[in-house]
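>>> attaching a predicted model along with its sequence, questions to come.
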Amino acid sequence: MEQGKTLTFIAKQLGYQDISHFSRAFKRITGLTPKLYKKSLAPEKG
């Protein structure tokens, strides 16, 4: 995912009009929700 871009922005750039449809498709492909995927890419704090 692009840093600093909202999920809505990314979904619309990919042609999705409905954010929930994008989230379901993303999870079906990656196995993670967009939020969890983004969190998994973030460096650990501590």
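Arrived safely. Numbering: from 1, shown residues only.
>>> the helix or strand of the chain with the lowest mean pLDDT: which residues count as buried?
When the helices and strands of the chain are scored by mean pLDDT, DSSP states H and E, helix 34-41 comes last with a mean of 90. Residues residue 34 are the ones in helix 34-41 that count as buried (16 or more other C-beta atoms under 10 Å). C-beta coordinates here come from the backbone N, C-alpha and C atoms, glycine included.
>>> who touches that helix?
If you take C-beta atoms under 8 Å, 6 or more residues apart in numbering as the criterion, helix 34-41 is touched by 1, 7, 10, 22-23, 26-27, 30, 32.
>>> closest to residue 42 out of the residues you listed?
residue 1 (10.7 Å; C-beta to C-beta).
>>> picking up where we left off before, closest to residue 43 among the contacts of helix 34-41?
residue 1 (14.7 Å).
>>> before we move on, what SS does residue 16 have?
coil (DSSP: H, G, I helix; E, B strand; the rest coil).
>>> from here on, call the first residue 170.
Fine by me, first position is 170 from now on; the one you just mentioned is residue 185.
>>> grab the nearest non-local neighbour of it.
Among residues not flanking residue 185 along the chain, residue 191 sits closest, at 3.9 Å (C-beta to C-beta, 6 or more residues apart in numbering).
>>> okay, now that neighbour: neighbour count?
The number of residues packed near residue 191 is 19, by other C-beta atoms under 10 Å.
>>> SS state for it?
Secondary structure, three-state DSSP: residue 191 is helix.
>>> ok, the residue nearest the centre of the chain to residue 185 distance?
In the chain, the centroid-proximal residue (C-alpha atoms, centre = their mean) is residue 203; its distance is 2.9 Å. Shown here: residue 203 relative to residue 185, a distance of 11 Å by C-beta to C-beta, to the nearest Å.
>>> before we move on, what about residue 206?
16 Å.
>>> do the same with residue 195
Here residue 195 is placed at a distance of 9 Å from residue 185 (C-beta to C-beta).
>>> out of these two, which sits in the more crowded spot?
residue 195 (22 against 17).
>>> let me know the helix or strand that that one is in.
Taking DSSP states H and E as the criterion, residue 195 maps to helix 188-199.
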